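In: sequence unknown, structure follows:
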């Protein structure tokens, strides 16, 4: 997966269309890894919907933008979609593509790194304190009082 991500970053400097398509492929592969119970033939939009409740609204929006842009970059029509036009635009394209490329990192941060870090901290807190936190109305999955 790392190779695909690096390839998308490298090729984006030469072709933003190819960079967007590879960024989409990277994220799709990552989501398949993060949600192995999804139906094998599920489309990317269905896969995103399956994990949406575990994401911030901003990351979910970026995934949708990435999906639509990547699809448009792959399925070349006579008239490219507006997001593809934005991605190819010399002014807006580099910023949009950078956001799309960072989406994979955001996904890893939200679904792997942050839960692991917070979960590790939660486990290191003495049990008595954890019980007081839970007793104060905290959800142990969230770790914060309501």
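Out: Nice, thanks for sending it over. This is a predicted model, so every value here is computed, not measured.
In: CA only for contacts and neighbour counts going forward, please
Out: Will do.
In: How about the residue in the protein that sits furthest from its center?
Out: For the chain, the largest distance from the centre (CA atoms, centre = their mean) belongs to residue 128, which lies 35.9 Å off.
In: Quick check: that residue vs residue 119, distance?
Out: 16 Å (CA to CA, to the nearest Å).
In: if we can go back for a sec, which positions in the strand or helix carrying the residue farthest from the centre of the chain come out as buried?
Out: If you go by DSSP states H and E, residue 128 is part of helix 127-135. For helix 127-135, burial by neighbour count (16 or more other CA atoms under 10 Å) applies to 130, 133-134.
In: cool, and stretch 99-112?
Out: For stretch 99-112, by 16+ other CA under 10 Å, it's 100-104, 106-107.
In: Residue 62 contacts residue 104, doesn't it?
Out: No - counting by CA atoms under 8 Å, residue 104 is not a contact partner of residue 62; they are 9.8 Å apart.
In: what residues are shared contacts of these two?
Out: Shared contacts of residue 62 and residue 104 (CA atoms under 8 Å, 6 or more residues apart in numbering): none.
In: For this structure, give me the ranges with low pLDDT.
Out: 76-80, 138-146 (pLDDT under 70).
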